[in-house]
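Chemist: sequence below, structure please.
(one chain, ligands or ions: 1)
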Amino acid sequence: MAYLHTLDEVDVKGKRVLLRVDLNLPMENGRVSDATRIERALPTITELSKKGGIVILLAHFGRPKGSRVEADSLRQVLPALEHYLKQPVAFADDCVGRSASQIIDALKDGQIALLENTRFHKEEEQNDASFAAELAKNGDIFVNDAFSAAHRAHASTEGLAHILPAYAGRSMQTELEALDQALLNPQRPLIAIVGGAKVSTKLDLLGNLVSKTQYLVIAGGMANTFLAAQGFNVGKSLCEYELAPTARDVLAKAKTAHCQIILPIDVVVAKKFEAHAPSSVCSLDKIGADDMVLDIGPKSIAQVDAILRNCKTLVWNGPFGAFELPPFDQGTKRIAQSAAQLTIEGKIRSIAGGGDTVAALSQAGAAEKFSYVSTAGGAFLEWLEGRTLPGVAALEK
Ligand code: AMP
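Modeler: Down below sits the predicted model:
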């Protein structure tokens with residue numbers, strides 16, 4: 001990468017490498033229920049270990065808010081980590097102090113240790129300089145491989161990079177390469193799909209995307225606010241009426257920037273927000289006073305599909321409807337499958353991200369066919385907003 005320090009620039013043999021990874025894994029009954037984040041961290045851990053580095057993993061887990069909460073101990077992810085790495089991983093009860101240094105001092109080249117949750121110390125989230133210096137005592141270099149935590153300026157994501165020579169890990173590198181190709185140097189036409197519940201959480205993102213894309217599809221509950229702003233009655237739908245002026249601003253800004261906004265032209269409505277609630281398709285002027293818009297209709301699906309076929313790059317965040325409740329998953333599913341097929345045929349480069357989006361694409365069987373799926377939530381959204389992520393900026397040349 002031209003603008004970041006990467007592992008290509010450093011000989012790690014015999015060096016103690018403080019490696020920040022994302023091990024904030026979903027758990028069910030004490031076991032890791034989705035190991036995607038471990039899988040993403042594997043290439044860097046393995047490369048460092050094979051090259052003879054002493055690999056010291058730093059990570060957070062949950063929200064212990066600066067105190068030791070046993071339920072948030074990283075010890076619980078150790079079995080899954082060892083399983084995927086196919087080698088033993090030492091564990092230190094603390095990320096600083098004697099318990100960390102004793103474990104680390106006993107490691108030989110190529111061996112791996114996991115240090116306890118960085119967020120057991122309140123200084124972590126405060127990006128406290130002396131806490132970062134304590135962490136740094138255990139390393140010769142710092143490698144950050146946790147893009148998903150890079151929007152936070154914490155001691156283990158940002159502070160350390162100012163104390164030790166700092167490099168991007170392979171997962172961070174792959175993620176940024178994929179994202180840069182999508183928004184900074186995309187093949188055009190570029191289409192963005194922004195769905196999900198509320199406009200209020202995605203305003204900055206819409207503002208940034210209208211200036212970068214040729215087509216911006218606004219979907220999900222958010223679309224209701226735009227429809228209401230244009231004078232349509234959206235009944236009992238999720239809608240932020242107070243944001244109607246903001247929605248009109250976005251539409252005006254898009255016009256100036258020559259970005260075409262695509263809103264639903266028909267919708268699926270129901271009287272109840274629940275799975276298999278009786279539903280019907282209707283045009284925008286037929287939404288009843290007690291209707292809830294829960295998905296886009298077939299004409300809208302066809303419209304988005306046709307535009308997608310003319311585009312070379314897709315960036316997607318947020319579902320088209322209440323995808324957790326069938327049959328209101330159809331819009332998301334159909335567009336996801338269409339984008340996946342176009343990707344496989346080499347006609348489009350598709351990038352998606354954000355928690356619900358990954359779940360929705362996986363449910364549609366489309367996630368693994370996309371060019372890149374980011375598992376980062378907040379960091380992906382901040383990147384879509386065009387912001388500088390402090391954890392990334394600290395690795396820049
Ligand atoms: P977000 O976290 O903003 O991406 O929003 C995702 C959530 O938006 C999902 O839980 C969806 O069920 C919800 N959602 C999408 N479309 C609608 C809709 N038309 N009405 C209510 N909720 C929706």
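
Chemist: how about the residues of the chain near the ligand?
Modeler: By the rule CB under 6 Å from any ligand atom, the part of the chain lying against the ligand is 196-198, 201, 220-221, 238, 293-294, 318-319, 321-324, 354, 356. Where you see a C-beta, it was placed from the backbone N, CA and C, and this is true even at glycine.

Chemist: go again using 5 Å as the cut-off
Modeler: Contact residues, the chain versus the ligand (CB under 5 Å from any ligand atom): Gly196, Ala197, Gly220, Gly221, Leu238, Leu294, Gly318, Gly321, Ala322, Asp356.

Chemist: what about the fourth one, which helix or strand?
Modeler: Mapping Gly221 onto the secondary structure by DSSP states H and E places it in helix 220-229.

Chemist: pull out the buried residues from the helix or strand following that helix.
Modeler: Counting by DSSP H and E, the next helix or strand C-terminal to helix 220-229 is helix 244-256. The neighbour-count check on helix 244-256 (16 or more other CB atoms under 10 Å) flags Ala244, Thr246, Ala247, Val250, Leu251, Ala254 as buried.

Chemist: same for helix 244-256, what does it pack against?
Modeler: Under the contact criterion of 3 or more CB pairs under 8 Å, 6 or more residues apart in numbering; DSSP states H and E, helix 244-256 touches helix 203-210, helix 220-229, strand 260-262.

Chemist: got the angle for it vs helix 220-229?
Modeler: 90 degrees (axes from the mean of the first three to the mean of the last three CA atoms, to 10 degrees).

Chemist: does Ser350 count as helix, strand or coil?
Modeler: Three-state call for Ser350 (DSSP: H, G, I helix; E, B strand; the rest coil): strand.

Chemist: show me the contacts for it.
Modeler: Contacts for Ser350 (CB atoms under 8 Å, 6 or more residues apart in numbering) come out as Thr313, Leu314, Trp316, Ala339, Ala340, Leu342, Thr343, Phe370, Ser371, Tyr372.

Chemist: how far away from the center of its chain is the strand or helix carrying the second one?
Modeler: Element membership for Leu314 (DSSP H and E) is strand 313-317. Computed by CA atoms, centre = their mean, to the nearest Å, the chain-centroid distance of strand 313-317 equals 13 Å.

Chemist: direction included, what does that strand pair against?
Modeler: Sheet pairing of strand 313-317 (DSSP bridges) gives strand 190-194 (parallel), strand 349-353 (parallel).

Chemist: make CSV from these and add distance to Val267 and mean pLDDT to it.
Modeler: Listed next are those as CSV, based on distance: least, CB to CB, whole Å; pLDDT from 0 to 100:
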stretch, distance to Val267, mean pLDDT
strand 190-194, 16, 98
strand 349-353, 23, 97
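
Chemist: and of the ones you listed, who's closest to Arg68?
Modeler: strand 349-353 (32.3 Å; CB to CB).

Chemist: export that closest one as CSV, just CAs?
Modeler: Only the C-alpha atoms of strand 349-353 are listed here, as CSV (Å, rounded to 0.1, in the frame of the first residue of the first chain):
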residue,chain,number,x,y,z
ARG,A,349,-17.2,-5.3,-8.0
SER,A,350,-19.3,-5.6,-4.9
ILE,A,351,-18.4,-4.3,-1.4
ALA,A,352,-20.7,-4.6,1.5
GLY,A,353,-20.4,-3.9,5.3
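
Chemist: so where is the stretch 1-150 of the chain shaky, pLDDT-wise?
Modeler: Within the stretch 1-150 of the chain, no stretch falls below the threshold (pLDDT under 70).

Chemist: quick one: the helices in it?
Modeler: Along the stretch 1-150 of the chain, counting by DSSP state H, counting those that start in this stretch, helices occupy 36-50, 78-85, 97-105, 122-125, 129-136.
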